[in-house]
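>>> Prediction below, plus the sequence it came from.
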Amino acid sequence: SSNLIDSSTPFFLQNPSLEVLDLSGNALESLPSQFFSNSTAIKELYLAGNKLQDLSPGLGNLSLLEVLDASNNSLSSLRAELLEGKALLRKLYLANNAISSVQDGALRSLIELRELELSSNVLLSLPVQLSSLYHLRSLRLSDNLVEDVTKYLLDKLPNLQRLHMSRNRLRRVQRYVFEDMAALEALRLDGNSLAALQPLCFSRNPRLKSLRLQQNLISGIEDAFQETAGLTSLNLSRNFISFADFAMFPSSLASLDLSENRLASLTNIASPSPKLSLSYLDVSRNNLSFLGSSHLPCKTIRHVNAS
């Protein structure tokens, strides 16, 4: 990688046994149809950091491809024929392009896809073609322009474990939008414009462990985290929360970040007192006037930041 190889066919592509090829950081502007014609055994192809505006027709012969990284190029769309016949593809990385659309059928062949990276593009909505990716485990869509998350699409992804949608334009998360995502373990919605959370909106995600909601416009949390039994890490920093009680959080929680809010009080008034497993608590840069031992409902806390 980081040479100046252009779109003429390099000598090493005459090797029919070639399985892994890294052409990252070169000067590739296109992939002619004959580019990989003698190297059809390639399983991993890395094309990040080139000048590619399209990936076809050069990929047509690579039916054994398992990993494709075309991040940091100039792709503007995923055309239907681009990934046709790539039934073995497991990892697809397309971050930092200019993708604004995914054509019908563009993902249909990817029946074994496990990881899809589409961060830092210009998508306005979740591509409906995602519904065909039954085995998908990781979906990254951060730094796009998505305004809404729809249940009818996400419930087609029952095996998804990681969903990253940081720094989009989300304004709300409807109740139970994630309800059929039983495998979900990590969810990132930070850096959006969420103003409120619906009650019990994460209650049907039994494996959810990490939830990042920092840098939104959230003013109240109420019952949003009730019955989120497996949650261990919650970041609510840099919001507009003025009141919180420990009873609002699940007993499984080990790390809680409430820094840079508008908290005037953090109470522990529930009866009986909740039995939390907190080891880390950050309430720095708030409006708290007092935080005594009676306010902390557990003896497991090892790190408190109240600066």
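All right, it came through fine.

>>> ok, residues contacting stretch 225-239?
Stretch 225-239 is contacted from outside by 190, 199-200, 202-203, 205-219, 221, 248-250, 252-261, 282, using CB atoms under 8 Å, 6 or more residues apart in numbering. Yep, even glycine has a C-beta here, placed from its N, CA and C like the rest.

>>> Filter the residues you listed down to the buried ones.
Among the contacts of stretch 225-239, those scoring as buried are 190, 200, 202-203, 205, 208-216, 218, 221, 248-250, 253-261, 282 (criterion: 16 or more other CB atoms under 10 Å).

>>> In strands only, show me the residues you listed.
Using DSSP state E, the members of these that fall in strands are Ser210, Leu211, Arg212, Ser255, Leu256, Asp257, Asp282.

>>> Columns distance to Leu23 and pLDDT on top of those, output as CSV?
Formatted as CSV, those follow (distance: CB to CB, whole Å; pLDDT from 0 to 100):
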residue, distance to Leu23, pLDDT
Ser210, 35, 98
Leu211, 38, 97
Arg212, 34, 98
Ser255, 41, 96
Leu256, 45, 95
Asp257, 41, 98
Asp282, 44, 95
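
>>> Out of those, which is nearest to Ser76?
Closest to Ser76 out of those is Arg212 (29.6 Å), distances taken as CB to CB.

>>> The closest one reaches Leu189, doesn't it?
Yes. Here Arg212 reaches Leu189: they are 6.8 Å apart, a contact under CB atoms under 8 Å.

>>> Common neighbours of those two, please.
Residues within reach of Arg212 and of Leu189 at once, by CB under 8 Å, 6+ apart, are Ser166.

>>> circling back: and of the ones in strands among the buried ones among the contacts of stretch 225-239, the nearest to Ser71?
Arg212 (22.3 Å).

>>> who's in contact with the closest one?
Under the criterion of CB under 8 Å, 6+ apart, the neighbours of Arg212 are Ser166, Leu187, Arg188, Leu189, Asp190, Asn235.

>>> Which of the three states applies to Leu130?
For Leu130, the assignment made with DSSP: H, G, I helix; E, B strand; the rest coil gives helix.

>>> is it true that it touches Leu141?
No. Leu130 lies out of contact with Leu141 (CB under 8 Å); the separation is 9.4 Å.

>>> So which of those two has more stuff around it?
Leu141 (25 against 20; other CB atoms under 10 Å).

>>> Need the residues that contact stretch 180-187.
The contact list for stretch 180-187 (CB under 8 Å, 6+ apart) reads 151, 154-155, 157-164, 178, 202, 204-212.

>>> Kindly recompute the last result at 10 Å.
137-138, 151-152, 154-165, 173, 178, 202, 204-213, 230-231, 233 (CB atoms under 10 Å, 6 or more residues apart in numbering).

>>> Span of it from start to end?
14 Å (CA to CA, to the nearest Å).

>>> can you pull the buried residues of that stretch?
Asp180, Met181, Ala183, Leu184, Glu185, Ala186, Leu187.

>>> Same check on stretch 19-34?
Across stretch 19-34, burial judged by 16+ other CB under 10 Å covers Leu21, Leu23, Ser24, Gly25, Asn26, Leu28, Ser30, Leu31.

>>> tell me the contacts of the last one?
Going by CB under 10 Å, 6+ apart, Leu31 touches 7, 23, 45, 47, 50, 52, 54-60, 70.

>>> what do you get if the cut-off is 8 Å, keeping everything else the same?
Ser7, Leu52, Asp54, Leu55, Ser56, Pro57, Gly58, Leu59.

>>> who wins for most neighbours among those?
For the contacts of Leu31, neighbours tallied by other CB under 10 Å; top is Leu59, 25 neighbours.

>>> right, and it touches Leu65 too?
Yes. Look at Leu59 against Leu65 with CB under 8 Å: they come within range, at 7.3 Å.

>>> Mind listing the shared neighbours of the two?
Both Leu59 and Leu65 are contacted by Leu45, Lys86, under the criterion CB under 8 Å, 6+ apart.

>>> And the strands in the stretch 51-200 of the chain, which stretches?
All strands of the stretch 51-200 of the chain, identified by DSSP state E, counting those that start in this stretch, fall at 67-69, 77-78, 91-93, 101-102, 115-117, 138-140, 162-164, 186-188.

>>> wait, which of those strands is closest to Leu194?
Of all those, it is strand 186-188 that lies closest to Leu194, at 12.1 Å by CB to CB.

>>> The closest one - which strands sit beside it in the sheet, and in what orientation?
Note on strand 186-188: by DSSP bridges, its sheet partners are strand 162-164 (parallel), strand 210-212 (parallel).

>>> Quick one: those strands as TSV, columns for distance to Ala244 too.
Formatted as TSV, the strands paired with strand 186-188 follow (distance: least, CB to CB, whole Å):
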stretch	distance to Ala244
strand 162-164	25
strand 210-212	15
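
>>> and of the ones you listed, who's closest to Ala306?
Using CB to CB, those put strand 210-212 closest to Ala306, at 21.4 Å.
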